[in-house]
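Asker: how would this look folded up:
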Amino acid sequence: MARVSLLRTPPSPDTGMIRECLRNGLELLGGIHAFVRRGARVMLKPNVGSVAAPQEARNTDPRLIEALIQLLQEFGVGEIVIAESAIVGFDTQVAFRAMGLDRLAHRYRVQLCDLKQQPFVTRKVRHPFVLPEIEVSGFLDEVDTLINLPKLKTISAVPVSFGLKNLKGLISDGEKRRFHNRGLPKALGDLGQVVTPQLTIVDGIVASELYEPREANLIVIGSDVLAVDAVAAAAIGLVPAEVEYFRLAHEAGMGPIDLDEIEVVGAALAETRVFLRTAPTESEAFSMLFPEVAILDGEACSGCIGSLYMGLKTARARGLLDSAPALKLVVGPGVKELPPGKQVLCLGNCTKPLAAAHFLPGCPFISIEFCALLHKAFLDQ
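Answerer: Got it, this is the predicted structure:
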């Protein structure tokens, strides 16, 4: 039976508090030596997909990364590498700096690795849903242990992003596009068959609730990434089997999602549950966050979704959304016809075939350019 540690942190914890929480959670699973050996080369794979400050809660909390580094160095690992590949269109090094990970790496003498600059290798999928083979980072073959450090997120695309989804940062940008074009839930089920982290630690200290920070004070730890994801889903009020890519990964033999088959140690689910809002589609998520605009989503990738969120957030702060009440935004390759009206803006290269009067190119498009075009096209008339 899979065993998963569920832990509650104090409110607004410092690094020392988080370190002791991690230490306790690992002890409940047999201790840190159950997952990594002394002298090993360890890859930490946080979620640093977007360029955002720590307080925005879009990426893995630097306090958790620092606390884990302290534990690993205290234990005696040989080398630690923080590795990530930001979402399509974003610079990983810029994302590292925005989170302060460059300074953290220097302080603890650990390596930062932009996986976009590393070679990729092809791995065959044992029981493919849509992808018989996947390009993954060849850097995985250069480390002894992979520790997966996802953020606890409710998002629009799947509708949650925990351990299995975080592995998407180990594939190439071209592969990321292919995941969305072929169907993200099934592609994630394929990815889980070719990459197996030795340990997954979900950062729910400050969760991301539909792209907005929400203090949840949760950490979930385990060696079985799917079991960890199932417990994390239950901790925010979801039924794990109702998350499509969890169910597909379970069918592929990755691990359990039924809580009766998972031993939860540490805190009890009933005592730690924090209900987070979820949305089954991008359109519903964005209509909840930005009711001022109408969005037609055609299965946009995470790059354009990230740009759209940042663009709309900036536009609202500048008062642009109030000045264009009939605005309709089109994003993603699945939209086949333009909606009626003159205030229609098509975003990203996938929408170019629609031949709209107002079109912003890019893969993904740039959020600042979105605000500039919005002002020029609809507000300077």
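Asker: strands of the stretch 101-250 of the chain, residue ranges please.
Answerer: Applying DSSP state E, counting those that start in this stretch to the stretch 101-250 of the chain gives strands spanning 111-114, 120-124, 133-137, 145-149, 151-154, 160-161, 199-209, 212-222.
Asker: same list (the ones you listed) but as a markdown table, adding mean pLDDT and mean neighbour count.
Answerer: Yep, even glycine has a C-beta here, placed from its N, CA and C like the rest. Listed next are the strands of the stretch 101-250 of the chain as a markdown table, based on pLDDT from 0 to 100; neighbours: other C-beta atoms under 10 Å:
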| stretch | mean pLDDT | mean neighbour count |
| --- | --- | --- |
| strand 111-114 | 98 | 17 |
| strand 120-124 | 97 | 14 |
| strand 133-137 | 97 | 20 |
| strand 145-149 | 98 | 22 |
| strand 151-154 | 95 | 27 |
| strand 160-161 | 91 | 23 |
| strand 199-209 | 97 | 26 |
| strand 212-222 | 96 | 22 |
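Asker: export those to JSON lines and tack on distance to residue 294?
Answerer: Shown next, in JSON lines, are the strands of the stretch 101-250 of the chain (distance: least, C-beta to C-beta, whole Å):
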{"stretch": "strand 111-114", "distance to residue 294": "37"}
{"stretch": "strand 120-124", "distance to residue 294": "38"}
{"stretch": "strand 133-137", "distance to residue 294": "35"}
{"stretch": "strand 145-149", "distance to residue 294": "36"}
{"stretch": "strand 151-154", "distance to residue 294": "22"}
{"stretch": "strand 160-161", "distance to residue 294": "25"}
{"stretch": "strand 199-209", "distance to residue 294": "23"}
{"stretch": "strand 212-222", "distance to residue 294": "21"}
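Asker: closest one to residue 190 among those?
Answerer: Among those, the nearest to residue 190 by C-beta to C-beta is strand 133-137 (6.2 Å).
Asker: from the chain's centre, how far out does that closest one sit?
Answerer: Counting by C-alpha atoms, centre = their mean, to the nearest Å, strand 133-137 is centred 18 Å from the centre of its parent chain.
Asker: pLDDT weak spots in the stretch 151-300 of the chain?
Answerer: Within the stretch 151-300 of the chain, the ranges that satisfy pLDDT under 70 run 156-157, 279-283.
Asker: all helices for it, in order.
Answerer: 163-166, 173-182, 184-191, 225-235, 244-251, 269-272, 282-289 (DSSP state H, counting those that start in this stretch).
Asker: turn those into TSV, including mean neighbour count.
Answerer: Below are those laid out as TSV (neighbours: other C-beta atoms under 10 Å):
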stretch	mean neighbour count
helix 163-166	26
helix 173-182	18
helix 184-191	23
helix 225-235	27
helix 244-251	21
helix 269-272	12
helix 282-289	19
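Asker: which of those helices sits closest to residue 91?
Answerer: Evaluated over these, closeness to residue 91 peaks at helix 173-182, with 11.6 Å, by C-beta to C-beta.
Asker: other SSEs contacting the closest one?
Answerer: Packed against helix 173-182 by the contact rule (3 or more C-beta pairs under 8 Å, 6 or more residues apart in numbering; DSSP states H and E) you find strand 133-137, helix 184-191, helix 302-317.
Asker: switch to 10 Å and redo it
Answerer: Judged by 3 or more C-beta pairs under 10 Å, 6 or more residues apart in numbering; DSSP states H and E, helix 173-182 is in contact with strand 120-124, strand 133-137, helix 184-191, helix 302-317.
Asker: now render those as JSON lines, adding distance to residue 275.
Answerer: Below are these laid out as JSON lines (distance: least, C-beta to C-beta, whole Å):
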{"stretch": "strand 120-124", "distance to residue 275": "37"}
{"stretch": "strand 133-137", "distance to residue 275": "34"}
{"stretch": "helix 184-191", "distance to residue 275": "23"}
{"stretch": "helix 302-317", "distance to residue 275": "22"}
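Asker: among these, which comes closest to residue 210?
Answerer: Proximity to residue 210 (C-beta to C-beta) singles out helix 302-317 among the helices and strands packed on helix 173-182, at 9.4 Å.
Asker: which strands and helices lie in contact with the helix or strand following that closest one?
Answerer: Per DSSP states H and E, the first helix or strand lying C-terminal to helix 302-317 is strand 328-331. Here strand 328-331 touches helix 282-289, strand 294-297, helix 302-317, strand 344-347, strand 359-360, going by 3+ C-beta pairs under 10 Å, 6+ apart.
Asker: average pLDDT across strand 328-331?
Answerer: Strand 328-331 carries an average pLDDT of 90.
Asker: quick revisit: quick one, which of the strands of the stretch 101-250 of the chain is nearest to residue 363?
Answerer: Residue 363 sits nearest to strand 133-137 of all these, at 17.6 Å, using C-beta to C-beta.
Asker: next, the angle from the closest one to helix 173-182.
Answerer: If you take axes from the mean of the first three to the mean of the last three C-alpha atoms, to 10 degrees, strand 133-137 sits at 140 degrees to helix 173-182.
Asker: which secondary structure elements does strand 133-137 contact?
Answerer: Counting contacts by 3+ C-beta pairs under 10 Å, 6+ apart, strand 133-137 packs against strand 120-124, helix 173-182, helix 184-191.
Asker: still on that earlier bit, out of the helices and strands packed on helix 173-182, which comes closest to residue 8?
Answerer: Closest approach to residue 8 among those (C-beta to C-beta): helix 184-191, 28.2 Å.
Asker: circling back to that earlier point, for residue 6, find the nearest of the helices and strands packed on helix 173-182.
Answerer: The closest of the helices and strands packed on helix 173-182 to residue 6 is helix 184-191. By C-beta to C-beta, the value is 22.9 Å.
Asker: which strands and helices sit next to that closest one?
Answerer: strand 133-137, helix 163-166, helix 173-182, helix 244-251.
Asker: quick one: closest of those to residue 314.
Answerer: helix 173-182 (23.9 Å).
Asker: this completes my enquiry, with thanks.
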